[in-house]
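>>> Task: produce atomic coordinates for the following.
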Amino acid sequence: MDETKVSIGCPDPFSVAELIAGKKIDWSKKSDEIDALAEIFGVTKEAFLNNSTTLLCPFISTNSKGALVKISEEEAEKRLEQFLKANARPQKAVKASTSKKTLTATQQRKEVINVLLHREMTEKKIAKEIKARRIVINNSNDSVYLPAGMQWEDKGYFFNEIAHWYDINQGAIGDCYFLAALCSTVYVNSFWIKNNVALRYKNGVQDDTPWHAIDFYVPEGTRYKSSNAWTNKRGTVQTIVVSEEVLVNEVNNRKFGVCGVKEKLEGYVNGPKPTLDACWPAVYEKAYAKFLEKCTSDYPNMNGKINLGNAGGALREILRTENVVEKSLGSLTVDQIWEIGLNAHSKPTCVSIHSYYDKAKEIYFSKAGTEAEYKNMGLYIGHVYSFLDVVIKNSKKYVVLRNPHGRNLAALKRNPNVFHENWTYNYGANSANAYRGVSSIYRYVDGNDNPQKSRGTFLMEINEFKRVFEDVYYYNGPALDEGLTTLVP
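As a prediction, the model looks like this:
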């Protein structure tokens, strides 16, 4: 693997934009969704097309060799200020999301920067939250992450009957590499979450907020963040215990990180627990952040080490194994890619589009074009997708992919290398397929041409897939044990 590649972690820009706007937006009613996104960020459409990476991953930069480097909050703020000023769009003053006052260009930039940096509350404010018992810690040394405008809250049941692969819809955290790996795992084995997460209660006493014990593996070597965090525990499994309290916006109750379909598509966040989305993806995401940070409290940094990573490492950590293969698609024939796709039905698999930075032109790019050219294909660079399957349609070979954002760019509708008809596939019935969709695994997917309802899933012609995607990561061990297949949690 090329060490100069920028690590991967593309947040959902629509979720980030809704955080800035302070409300749910019906993007299907926008005639130009890219321009609508750019307007919320306060930049020109051209700037957003060519360099949204600077906005979505403000703490990440590259050095002279093109290698990934993390920058301080002060450096990130300075870079964002410069970028927003240099690419500001001519506009009238806009209304603030929390008041009726209008914002000047300077005030709008400040509001956007504050959201993008997810500034934390002061220690004094956190102490106030602890005193009010809205945050509960065991000792004074416990670290507490709490961005301004956010709160920790119990949202929904862990899962309703069973975990589904389409429950995962990425939010404002740059952890696509982890969520894509988790989605592929649950796609292969619908009972994985149920059979691999232990239900616990704090101090052994049942209360209103269940706690869950989730195991992650620490890979050998020094390549992955977890391996460097747990230096003396490499090759071991670590049990991370977390509650179901997840980070939400204190105004509209929407999740900061991964959410379910109802919240992503409809903005449905308030109601009786049985009517809300299952919270297992958000709890798993929280546990993973706690694992990477080696955090002792129930409130890990959700804007720290979890941002940007490697899908091969995530598969190792989730599946608790070293049996993961990473290959460049360019080194494989179409027939070899097809074989990997056939196995993806039973072996969790992910694919990536890496990002590189051209300092002279000040734009990001990938192997088949610039960031703008990828967006015009309906794809993101610096992003990981779940590789679910392969199918033949109209005598053409297609790969089945899923964007962990849970939706796709509208430009995907215009991509000639994407299958644009409704489709499904019948694998017959077995205990796993029964919860992927009985005979129709993709029965909840309403075609590629509705980015809101596709749940992020689409079919791409295999030769084009090889051209525009870069690396593939797949589990290569024994078949995953289904374990118990009853519906009792």
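>>> May I see the buried residues of stretch 14-28?
Buried residues in stretch 14-28, counted by 16 or more other Cβ atoms under 10 Å: 14-20, 22, 24-25, 27. C-beta here means a position set from N, CA and C on the backbone, and glycine is covered the same way.
>>> which two in those are spaced the farthest apart?
G22 and W27 (15.7 Å; Cβ to Cβ).
>>> Flag the shaky bits of this protein, pLDDT-wise.
For the chain, residues meeting the criterion pLDDT under 70 lie at 1-7, 65-68, 91-101, 121-126, 128-142, 200-209, 424-449, 452, 482-489.
>>> Could you export the buried residues of stretch 14-28 as a markdown table, including distance to G260?
Shown next, in a markdown table, are these (distance: Cβ to Cβ, whole Å):
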| residue | distance to G260 |
| --- | --- |
| F14 | 15 |
| S15 | 13 |
| V16 | 18 |
| A17 | 19 |
| E18 | 15 |
| L19 | 17 |
| I20 | 22 |
| G22 | 21 |
| K24 | 14 |
| I25 | 18 |
| W27 | 18 |
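>>> Narrow the residues you listed to those in strands?
Among the buried residues of stretch 14-28, no member falls in strands (criterion: DSSP state E).
>>> any idea which of the residues you listed is the one closest to A76?
For the buried residues of stretch 14-28, the nearest to A76 is V16 (14.6 Å; Cβ to Cβ).
>>> show me the contacts for the spatially closest residue to the closest one that is not a sequence neighbour.
Counting by Cβ to Cβ, 6 or more residues apart in numbering, V16 lies nearest to A172, which is 4.9 Å off, once chain neighbours are set aside. A172 makes contact with 11-12, 15-16, 19, 118, 256-257, according to Cβ atoms under 8 Å, 6 or more residues apart in numbering.
>>> Equivalent analysis for T185, please.
So T185 contacts 192, 315, 318-319, 348, 480 (Cβ under 8 Å, 6+ apart).
>>> Between all of these, which two are at the greatest distance?
W192 and L315 (12.4 Å).
>>> Looking at these two, which has the bigger crowd around it?
The neighbour comparison of W192 against L315 (other Cβ atoms under 10 Å) goes to L315, with 31 against 22.
>>> what's whichever strand or helix holds that one packed up against?
According to DSSP states H and E, L315 maps onto helix 311-319. With contacts defined as 3 or more Cβ pairs under 8 Å, 6 or more residues apart in numbering; DSSP states H and E, the packing partners of helix 311-319 are helix 176-188, strand 211-217, helix 225-229, strand 324-328, strand 349-353, strand 471-475.
>>> Give me the buried positions along the fourth one.
The one in question is strand 324-328. 324, 326-327.
>>> ok, back up a step: identify the farthest-apart pair in the contacts of A172.
D12 and H118 (14.7 Å).
>>> What segments of the stretch 151-300 of the chain are helices?
176-188, 192-196, 225-229, 261, 280-293 (DSSP state H, counting those that start in this stretch).
>>> OK, contacts around N343?
Contacts of N343 by Cβ under 8 Å, 6+ apart are 349, 474.
>>> Recalculate using a threshold of 10 Å.
188, 349, 387, 389-390, 474-476 (Cβ atoms under 10 Å, 6 or more residues apart in numbering).
>>> now those: which count as buried?
So, by 16+ other Cβ under 10 Å, the buried ones in the contacts of N343 are 188, 349, 387, 389-390, 474-475.
>>> Strands along the stretch 301-450 of the chain, start to end?
324-328, 349-353, 356-358, 363-366, 369-370, 383-393, 396-402 (DSSP state E, counting those that start in this stretch).
>>> count of residues packed around I392?
Neighbours of I392 (other Cβ under 10 Å): 11.
>>> ditto for N422
12.
>>> Tell me who's in contact with the closest residue to E18 other than its chain neighbours.
Counting by Cβ to Cβ, 6+ apart, I25 is the residue found nearest to E18 once chain neighbours are left out, at 5.6 Å. By Cβ under 10 Å, 6+ apart, the residues touching I25 are 14, 17-18, 33, 36-37, 40, 267.
>>> hang on, the earlier thing: right, and out of the contacts of T185, which lies closest to Q151?
Using Cβ to Cβ, I318 is the member of these that lies nearest Q151, at 28.0 Å.
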